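K.L.:
Predicted coordinates and the sequence they were generated for:
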4 protein chains.
Amino acid sequence: MANSRFEYVKQFEQGDNLLLNTWIVIRIDGRGFTKLCAKYNFEKPNDRRALDLMNAAAKAVMMELPDITVAYGVSDEYSFVLHKTCTLFERRTSKLITTIASTFTSYYIHLWSTHFPDTPLSPPLPSFDGRAVCYPSMQNLRDYMSWRQVDCHINNLYNTTFWSLIQHGGFDAKEAEKFLAGTLSADKNEILFSRFKINYNNEPEIYKKGSVVFRDYELVEPGSHDVAETVDNVAEPRTQSKTQDENDKKRRNKARVVVDHLDIIKDDFWDRRPWILSNKPGKVPKQT
Amino acid sequence: MANSRFEYVKQFEQGDNLLLNTWIVIRIDGRGFTKLCAKYNFEKPNDRRALDLMNAAAKAVMMELPDITVAYGVSDEYSFVLHKTCTLFERRTSKLITTIASTFTSYYIHLWSTHFPDTPLSPPLPSFDGRAVCYPSMQNLRDYMSWRQVDCHINNLYNTTFWSLIQHGGFDAKEAEKFLAGTLSADKNEILFSRFKINYNNEPEIYKKGSVVFRDYELVEPGSHDVAETVDNVAEPRTQSKTQDENDKKRRNKARVVVDHLDIIKDDFWDRRPWILSNKPGKVPKQT
Amino acid sequence: MANSRFEYVKQFEQGDNLLLNTWIVIRIDGRGFTKLCAKYNFEKPNDRRALDLMNAAAKAVMMELPDITVAYGVSDEYSFVLHKTCTLFERRTSKLITTIASTFTSYYIHLWSTHFPDTPLSPPLPSFDGRAVCYPSMQNLRDYMSWRQVDCHINNLYNTTFWSLIQHGGFDAKEAEKFLAGTLSADKNEILFSRFKINYNNEPEIYKKGSVVFRDYELVEPGSHDVAETVDNVAEPRTQSKTQDENDKKRRNKARVVVDHLDIIKDDFWDRRPWILSNKPGKVPKQT
Amino acid sequence: MANSRFEYVKQFEQGDNLLLNTWIVIRIDGRGFTKLCAKYNFEKPNDRRALDLMNAAAKAVMMELPDITVAYGVSDEYSFVLHKTCTLFERRTSKLITTIASTFTSYYIHLWSTHFPDTPLSPPLPSFDGRAVCYPSMQNLRDYMSWRQVDCHINNLYNTTFWSLIQHGGFDAKEAEKFLAGTLSADKNEILFSRFKINYNNEPEIYKKGSVVFRDYELVEPGSHDVAETVDNVAEPRTQSKTQDENDKKRRNKARVVVDHLDIIKDDFWDRRPWILSNKPGKVPKQT
């Protein structure tokens, strides 16, 4: 509506569209969560309430933005994946990362009191920054997801051992750090078991594997299809009809968004859920 | 800590640092606020509670991020200005825009119940997207700010007239739109006055001028200094000592962040508050 | 070696690295070649000397920059393809496009007198601009190449007909343009044949197909291998040993760079020359 | 003209427009000139023919691209400055840097035989890479130019001493390098004078100062105007009429492009030639 001699300033905006036909990963990270953990007395090494809150926020983000095909969270970070054919906001970086960071924050704050009923928030409030990275191939994307889950495993094994030494072994932080310097995974497993009778394998999956969020359709028999081929065959440019798009949308909306704690490094997770990489909605199970 | 064959995926991140020695404006916009206004019954043409909430969130953002030198808000948008010498997050676009969008959102949700005590939030929740634009000269920046304030004025005059026609004149939306098509400012003023006895000049400043947020130091006599020169003389690169930086920081933290509804198009606002453009904190008033 | 208070200006350079694991196409275009064609009396619709000069320059570029895996030229443009694993100049856009544009220009000017012995150059001299585009998938790259060759065909059929009408049919430019408006390929073929006894199929391949430049190894039997798979299996990140790299380099240097006029739309060209897409040098033929 | 199912590949091009209202510096550098100097027996420490060739090519570039307001060259590099109001090629990085690198190369090759009549070129041929950097303020730009000229001075003093030691002092390269390690400017001056009777001040200006290329109008009395103000007052956005643009263009074309070897660090050079920074053509001298 407006019209003035100042409008020329609009021309200073610069393009920031992400390369077409690449997988977009948007990762958000908690800002200053070390302080925040201390302030709100998060339990160590893992605070179940805090993780459940992260997962609830991530789930809400996925329901508001159906273009997100899968998400993976660990600790105070969450990675959201947009399919390589996604055209949301014309793939403009700014719009994508601020929308996801803001929507996530919105639910995190809104749902805080549900997960921390006895701990009211006070300034400075939790917030999240974010960034986008493009991955050209499915393998790159799979490797990104694996990277985060390996990171989860390594950190959790370390933290579980570190905090056992402190909470049950009489170490202080410096001593525990020194004690663990140079140890391998096997060493940490051994320390946990011999000193604290903790079998790391029996630790909760949510701590060991992190959380993966996806739409739930009927599982597919591995080997009955070729995901890689399906993904590669996604026409370039997209040639799907509007009717098909509408149908896909309806089925996507019917699907339940679930949070689970599964191995996403091996093929099985992806093979049984081909819709995540193909972006073609699966069969909605009868009893939802 | 982690270390795996998947780590190569980190290399896909691309640089997004904003050009040095330019003013950075980060503007956030409410997503889908037309629907949101309807859902929560925002008053028309302006909802004072909603604007106060926007302003409270903006003020909190400025207190958490002292690098922001001034902010301007109207309707569901807010522009935050980082000084041309700012080096926050190495001027990385992603970090800057997501941090501001997320922090703003955080306070908006947290403070909602204070401003809308009888209207609980429910999904889909409010969220904001954001973008960064660089302005090389002080004039460009001033013109950007003027652009937003002119926009505020034009929209508010239109909306005030439009909603008067509907609320007090018996028009429906289509009729009002048609009636106002092609009218000039003078015409709208005349309609308001002759039909509804409304003198537009007497409308609240917050609606006519929007809201400007800044740190409050002792005002300076216009003409007693040359802002433009001061700004140009900001050394390139910055040569200030660490002690000076520390002093500046202390004074900045002591300063009250205020929200006001002033003319930011004319020189007076800027001349009397040279610290906004020079980034040199002013004199903190005695009685804060 | 230098060191001065002015050095800070180096920090204003911004990153421009192209996304990893994508095919890089660098296309150069003659600047103002319409004027140039007139100035040096290039023959219409095609000047064989000018095309040979373009091809000679492109061949020289490929020999100086072994990272280029294939090139395709038509009229006053040439597209150079860098393999998706290429790390030349750390994939910096500026270095890549200026190096290719400059090297091409260098040979174009140097070889001019060989191809136009009777037509000395005079200012303003020929020059070329360039740009880089990334293609994430092999299919995208193939489609790019096909796009240029289809363009070549369509333009050449049009130009052949257009100039026949003028040179042999007594039309002037406006009349010819009007006459051809709305005609299909079949119509132009018919015009050429019925009016000028020209069978378009018998026109020289260089005009109909453009020119493709590549390293020449022993052809491979189509069907004996799976190029797509080979390309996808290019490890990410590259895991090849230095010895293998050295061997590849030697074989690449031994290979002859050839210019040919083949169909690059169909699979056959690529199937028989898997080294172009796999970046693994083929078998050097014995008699070079 | 063309139209095919492959055309979608055009959409993969990404924007690369340089920020408005900033000075654009495009610097080109000789590729592999150390080898080239050896191959063509360039004289050490400076080859006058090679520098004259660089300057001739730079002058030709400035005549073909009137948007370039000033250029500065030293050794095998040349920096070309586009005024902050320049809109050439919509300020697209790729077009700007390839056009300048290619045009420069074109003249370098074309004019080679004039400057090296007895030394024919042979592959690999000379070529140049290039890059663009934006400078928001006039001071940044001036500092960039000063940086290059200080660099010229430091390198030339070193090289003059180094090669004197070798050519007249019986040192080999390693000995000379070791001998000069840690020496200051005063030391090198002293070595030159005491050992070789060379007064560095009397060395040719082209070696000590490098070469600056600009349009030649009537010099202006320093102090009679305020360049900085004039530059700042360049309206944003440009408000000049088309007639004024045309007049400017005519005067610019009438002006002689000259190469000189002047101090561009001090104000004097810029004060006496206000047109370089204001982009307003000066008064064309009568006897050209």
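P.N.:
Structure's in. What do you need? Numbers count the residues shown, from 1 in each chain, chains lettered A, B, ... in the order given.

K.L.:
Longest helix in chain A, by number of residues?
P.N.:
In chain A, assigned by DSSP state H, the helix with the most residues is helix A:138-167.

K.L.:
how about that one, does it get close to chain B?
P.N.:
Yes: Helix A:138-167 reaches chain B (C-beta under 8 Å from any C-beta of the partner chain) through A:140, A:143, A:144, A:146, A:147, A:150, A:151, A:154, A:155, A:158. Quick note: C-beta positions are derived from backbone N, CA and C, even for glycine.

K.L.:
Excluding covalently adjacent residues, which one is nearest to residue A:248?
P.N.:
Excluding the flanking residues, the one nearest residue A:248 by C-beta to C-beta, 6 or more residues apart in numbering or on different chains is residue A:281, at 5.3 Å.

K.L.:
now do residue A:67
P.N.:
Leaving aside its chain neighbours, residue A:67 sits nearest to residue A:88 (4.5 Å; criterion: C-beta to C-beta, 6+ apart).

K.L.:
Using the three-state scheme, assign residue A:212.
P.N.:
Recorded secondary structure, residue A:212: strand (DSSP: H, G, I helix; E, B strand; the rest coil).

K.L.:
What count of nearby residues applies to it?
P.N.:
When counting by other C-beta atoms under 10 Å in any protein chain shown, one arrives at 25 neighbours for residue A:212.

K.L.:
again, but for residue A:52
P.N.:
Counted with other C-beta under 10 Å, residues neighbouring residue A:52 total 16.

K.L.:
Give the burial count for the residue lying closest to it once chain neighbours are set aside, as a bare number.
P.N.:
The shortest distance from residue A:52 to any residue other than its chain neighbours is 5.6 Å, reached at residue A:115 (C-beta to C-beta, 6+ apart). Residue A:115: 19 surrounding residues under other C-beta under 10 Å.

K.L.:
Tell me how far residue A:115 lies from chain D.
P.N.:
In this structure, residue A:115 and chain D are 42 Å apart, going by C-beta to the nearest C-beta, to the nearest Å.

K.L.:
Show me what from the stretch 151-288 of chain A comes close to chain B.
P.N.:
Within the stretch 151-288 of chain A, the residues that sit near chain B (C-beta under 8 Å from any C-beta) are A:151, A:154, A:155, A:158.

K.L.:
Distance of the residue lying closest to residue A:279 once chain neighbours are set aside relative to residue D:94?
P.N.:
The spatial neighbour of residue A:279 that comes closest, neighbours along the chain excluded (C-beta to C-beta, 6+ apart), is residue A:83 at 4.4 Å. Applying C-beta to C-beta, to the nearest Å, the value for residue A:83 to residue D:94 is 29 Å.

K.L.:
Check residue A:217 too.
P.N.:
Noted for residue A:217: a distance of 45 Å to residue D:94, by C-beta to C-beta.

K.L.:
Residue A:109 too?
P.N.:
From residue A:109 to residue D:94 the distance is 44 Å (C-beta to C-beta).

K.L.:
Next one: residue A:122 from residue A:39, what distance?
P.N.:
8 Å.

K.L.:
swap in residue A:152?
P.N.:
Going from residue A:152 to residue A:39 by C-beta to C-beta gives 24 Å.

K.L.:
ok, these two, which is more surrounded?
P.N.:
residue A:152 (22 against 15).

K.L.:
that older thread, please identify which of residue A:217 and residue D:94 sits among more neighbours.
P.N.:
Between residue A:217 and residue D:94, counting by other C-beta under 10 Å, residue D:94 is the more crowded of the two (25 against 21).

K.L.:
So for the one helix or strand the more buried one maps to, mean pLDDT?
P.N.:
Here residue D:94, judged by DSSP states H and E, is contained in helix D:93-115. For helix D:93-115, mean pLDDT is 98.

K.L.:
do stretch A:171-185 as well
P.N.:
Averaging pLDDT along stretch A:171-185 yields 97.

K.L.:
before we move on, the earlier item: retrieve the pLDDT associated with the residue nearest to residue A:279.
P.N.:
With respect to pLDDT, residue A:83 has a value of 97.

K.L.:
Find me the pLDDT at the residue lying closest to residue A:198 once chain neighbours are set aside, would you?
P.N.:
Leaving aside its chain neighbours, residue A:198 sits nearest to residue A:192 (4.2 Å; criterion: C-beta to C-beta, 6+ apart). At residue A:192, the model reports a pLDDT of 98.

K.L.:
In the stretch 101-250 of chain A, which residue sits nearest chain C?
P.N.:
Relative to chain C, the nearest point of the stretch 101-250 of chain A is residue A:136 (3.8 Å; C-beta to the nearest C-beta).

K.L.:
Closest residue of the stretch 151-288 of chain A to chain B?
P.N.:
For the stretch 151-288 of chain A, C-beta to the nearest C-beta, closest residue to chain B: residue A:151, 4.1 Å.

K.L.:
Confirm for me that residue A:162 is in contact with residue A:180.
P.N.:
Yes: Residue A:162 lies in contact with residue A:180 (C-beta atoms under 8 Å); the separation is 6.2 Å.

K.L.:
and the two? which has more neighbours close in?
P.N.:
Remark: of residue A:162 and residue A:180, residue A:162 carries more neighbours, 21 against 16, as counted by other C-beta under 10 Å.

K.L.:
who are the neighbours in contact with that one?
P.N.:
Taking C-beta atoms under 8 Å, 6 or more residues apart in numbering or on different chains as the contact definition, residue A:162 lies against A:45, A:176, A:177, A:180.

K.L.:
Could you count how many residues lie near the third one?
P.N.:
Here the neighbour count serves as a burial measure; for residue A:177 (other C-beta under 10 Å) it reads 14.

K.L.:
for the one 4 residues further on, same thing?
P.N.:
The tally of other residues near residue A:181 (other C-beta under 10 Å) stands at 7.

K.L.:
Specify the local secondary structure of the spatially most central residue of chain A.
P.N.:
Centroid-nearest residue in chain A: residue A:72, 2.4 Å away (criterion: C-alpha atoms, centre = their mean). At residue A:72 the chain is in strand, as set by three-state DSSP.

K.L.:
So the worst-scoring helix or strand of chain A on mean pLDDT, near chain C or not?
P.N.:
Scoring the helices and strands of chain A by mean pLDDT, DSSP states H and E places helix A:227-232 at the bottom, with a mean of 70. Yes: for helix A:227-232 and chain C, the contact criterion (C-beta under 8 Å from any C-beta) is met by A:228, A:232.

K.L.:
residues making contact with the helix or strand that that helix is followed by?
P.N.:
Next helix or strand after helix A:227-232 toward the C-terminus (DSSP H and E): helix A:242-254. For helix A:242-254, the external contacting residues (C-beta under 8 Å, 6+ apart) are A:66, A:215, A:240, A:280, A:281, A:282, A:284, A:288.

K.L.:
What pLDDT is listed against the fifth one?
P.N.:
Translated: residue A:281. You'll see residue A:281 listed with a pLDDT of 93.

K.L.:
check which helix or strand covers it.
P.N.:
Residue A:281 belongs to no helix or strand, assigned by DSSP H and E.

K.L.:
Quick check, it in contact with residue A:218.
P.N.:
No: using C-beta under 8 Å, residue A:281 is not in contact with residue A:218, being 10.8 Å away.

K.L.:
More neighbours: which of the two?
P.N.:
When neighbours are counted by other C-beta under 10 Å, residue A:281 comes out ahead of the other of residue A:281 and residue A:218, with 19 against 12.

K.L.:
Show me which residues of the stretch 1-150 of chain A sit near chain C.
P.N.:
Residues of the stretch 1-150 of chain A lying near chain C by C-beta under 8 Å from any C-beta: A:19, A:20, A:21, A:22, A:84, A:134, A:135, A:136, A:137, A:139, A:140, A:143.

K.L.:
May I see these organised as a markdown table, with neighbour count added?
P.N.:
Output for these, formatted as a markdown table (neighbours: other C-beta atoms under 10 Å in any protein chain shown):
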| residue | neighbour count |
| --- | --- |
| A:19 | 20 |
| A:20 | 23 |
| A:21 | 23 |
| A:22 | 25 |
| A:84 | 25 |
| A:134 | 27 |
| A:135 | 25 |
| A:136 | 25 |
| A:137 | 22 |
| A:139 | 16 |
| A:140 | 24 |
| A:143 | 21 |
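
K.L.:
All good on my end, thank you.
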